[in-house]
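> need a structure here:
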Amino acid sequence: MKPHKLPSPALSRAFARALGSATTATQCGVAFPSKTVTTANFEPSLAELRRHVRTSDFVAIDLEMTGVTSAPWRELLEFDRSDVRYLKVRDSATKFAVVQFGVCPFRWDPSNHSFVAYPHNFYVFPRQQLAGLGPCDEFLCQTTSMDFLAKYQFDFNACIHEGISYLSREQERKALRSLNSTYDSEWSDIGKLKDVRDIPLLSAADILFTARMKNKFSEWRDGLFQEQNQEDQIQGISNDSKFQVTFFEMHPALRLNRFTSHQLKLIQLLIRKHFKDLSYVSVNSEASGSQQLVVYTDLKDELNLLLKKVKEENHRAEEMKIQAAVGFRHVIDLLSSEQKLIVGYNCFLDIAHVYSKFIGPLPGTPEEFVASVSKCFPHIVDTKILLSTNLMFQEKMKRSRKSLASAFTSFCPQIAAGSRSTDLGSLSHVKVNVEVDDSRSCSWSPGGKHEAGYDAFMTGCIFAQLCSDLGCRFFTQEPDEAVPKNYV
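Down below sits the predicted model:
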């Protein structure tokens, strides 16, 4: 029998030494350690995960969703053609939401002759962070799936209130296109200082407000040139809480406070029609936040430079908002850019969700789907398919159900039990330690089933053990030659 090749040299070296007795348990019943990530700790957790993924040999993933099938006739059947099967999966991934995402990098530790796993459990929620991207997201909830999550103590409050939002790559591109288009048209009009038609004063309140604002701005501007009256003018303006005397880019300015959007529009039109040396400026910056200002500029060149700088600052601030709204997709971008081997269990639907939520709309055919996914994740292994292709594995799985937990118990009994029993089977077992927040643990209770982080951990352990059970002979090989591509 020909020796099997592993997907990468790192795995080859790792599995060659990862055989041995089960993990030493210093204490029984220790809860499974997992890094729970919400909006509160997402940024530092992402930096930590980035370090672990870059040094990992492979990364296991798992997802928890709000449902699986939107109708009885859309359930997956063994005899479905590939195109029908894909359309059913596509329907599910489009209509249901991902509420938890497990990511677990595995790294070989030569000093301990074992793998180190770094399970991360992300709460995810499709919260709309940006305006102008269309209606808020909608998704279905299947009662059996919600009941299933509740049965295993899923924290719905954490998901809804603290779940990490996200933008897909397509949504980010759309937001950036909209931003560039809006600023190009809006600021080109402002910079040209075109003549403004009469202000449409629709009510007595608008007429009185406009007259009062005209007097305020005239008094303030005139006071800038009269040193003897300047202090009195500033004092008069300062007594009105809606105006704050300040400087903007070395120019005298008034900050406008607590005006309605309609009033600000009237002020903007008033300034453009009656005050050639005053400019209405709206500033959005990370340092000062959103500000509405009336700025004095006596030269046209100064005004153009000022408007150009404001435009650039506002554009930069809006870009930063879009970047912040990307949210959890930074994790997907990390996995894609590092080109690591992605390991899942029965992960066809999981990968479809990843594409639908974080890349863009799902393609219409399975061939297009595989081609598109391969550009983002060229190396994917489904451990359930791996189990079904080997007679020895099939015989072992006949004695139990084909669920992830059953496969984990069957192939990784020493890890599932959290003990060092030596009579758990004739095959050698791979050692796996868990590290969370720089704290390494080699014992835990077999709890946390159907928590995405724990399921990702189980998936990675099964993959490691299956490769070991296949009797792989490990030797150095070129990465490009060794790593297989995805196929239909």
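
> Every contact and neighbour count from this point should use C-alpha atoms.
Fine.

> Show me the helices in the stretch 201-350 of the chain, by range?
204-223, 227-238, 261-274, 300-325, 329-338, 348-358 (DSSP state H, counting those that start in this stretch).

> now do the stretch 351-488 of the chain
So, for the stretch 351-488 of the chain - with DSSP H, counting those that start in this stretch - the helices run 366-376, 383-388, 391-398, 404-411, 413-417, 452-469, 479-482.

> Can you say which of the ones you listed is packed in most?
Stretch with highest mean neighbour count among the helices of the stretch 351-488 of the chain: helix 452-469 (a mean of 25; mean count of other C-alpha atoms under 10 Å).

> quick check: domain ranges of this protein?
Following automatic domain parsing, one finds the domains of the chain at 9-167+326-482, 173-316.

> between the ones you listed, which gets the lowest average pLDDT?
With a mean of 78, domain 173-316 has the lowest mean pLDDT of those.

> That domain: end-to-end distance?
Domain 173-316 has an end-to-end distance of 16 Å (criterion: C-alpha to C-alpha, to the nearest Å).

> before we move on, the earlier item: as CSV, the helices of the stretch 201-350 of the chain with distance to residue 63 would be great.
Below are the helices of the stretch 201-350 of the chain laid out as CSV (distance: least, C-alpha to C-alpha, whole Å):
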stretch, distance to residue 63
helix 204-223, 55
helix 227-238, 57
helix 261-274, 43
helix 300-325, 21
helix 329-338, 13
helix 348-358, 6
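
> nearest to residue 75, of these?
Residue 75 sits nearest to helix 348-358 of all the helices of the stretch 201-350 of the chain, at 12.0 Å, using C-alpha to C-alpha.

> What distance do you get for residue 121 to residue 87?
29 Å.

> on that earlier part again, okay if I get the helices of the stretch 201-350 of the chain as TSV plus mean neighbour count?
Below are those laid out as TSV (neighbours: other C-alpha atoms under 10 Å):
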stretch	mean neighbour count
helix 204-223	15
helix 227-238	14
helix 261-274	16
helix 300-325	16
helix 329-338	17
helix 348-358	21
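
> so which of those comes closest to residue 178?
Across the helices of the stretch 201-350 of the chain, closest to residue 178 is helix 300-325 (C-alpha to C-alpha), at 10.9 Å.

> on that earlier part again, which one of residue 121 and residue 87 has more residues nearby?
residue 121 (24 against 18; other C-alpha atoms under 10 Å).

> quick one: the more buried one is in a helix?
No - applying DSSP: H, G, I helix; E, B strand; the rest coil, one finds residue 121 to be strand, outside a helix.

> residue contacts, residue 359?
Residue 359 sits next to 168, 169, 170 when contact means C-alpha atoms under 8 Å, 6 or more residues apart in numbering.

> mind redoing it with 6 Å?
168, 169 (C-alpha atoms under 6 Å, 6 or more residues apart in numbering).

> Could you report the separation of it from residue 275?
In terms of C-alpha to C-alpha, residue 359 sits 49 Å off from residue 275.

> Residue 374 too?
59 Å.

> before we move on, what about residue 52?
Where residue 275 is concerned, residue 52 sits at a distance of 59 Å (C-alpha to C-alpha).

> Could you do residue 210 as well?
Distance, residue 210 to residue 275, by C-alpha to C-alpha: 13 Å.

> what does residue 108 give?
Separation of residue 108 from residue 275 (C-alpha to C-alpha) stands at 70 Å.

> related to what we said a few turns ago, output the helices of the stretch 351-488 of the chain in a markdown table; the columns should cover distance to residue 41.
Shown next, in a markdown table, are these (distance: least, C-alpha to C-alpha, whole Å):
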| stretch | distance to residue 41 |
| --- | --- |
| helix 366-376 | 26 |
| helix 383-388 | 31 |
| helix 391-398 | 39 |
| helix 404-411 | 29 |
| helix 413-417 | 29 |
| helix 452-469 | 16 |
| helix 479-482 | 35 |
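
> what's the closest of those to residue 94?
Between residue 94 and the helices of the stretch 351-488 of the chain, the shortest gap by C-alpha to C-alpha is with helix 366-376, which sits at 13.7 Å.

> what's next to that closest one, contact-wise?
By C-alpha under 6 Å, 6+ apart, helix 366-376 touches 86, 336, 363.

> and of these, the nearest to residue 462?
residue 336 (22.5 Å).

> Buried residues in stretch 66-74, which are they?
66, 67, 68, 69, 70, 74 (16 or more other C-alpha atoms under 10 Å).

> How about stretch 73-82?
74, 76.

> And the contacts of that stretch?
So stretch 73-82 is contacted by 69, 88 (C-alpha under 6 Å, 6+ apart).

> How far does that stretch stretch from one end to the other?
End-to-end for stretch 73-82, by C-alpha to C-alpha: 16 Å.

> How about the residue most central in space within the chain: what's its closest non-neighbour residue?
Closest residue to the average C-alpha location of the chain: residue 328 at 1.3 Å, with C-alpha atoms, centre = their mean. Of all residues beyond its chain neighbours, the one nearest residue 328 is residue 166 (5.2 Å), with distances taken as C-alpha to C-alpha, 6 or more residues apart in numbering.
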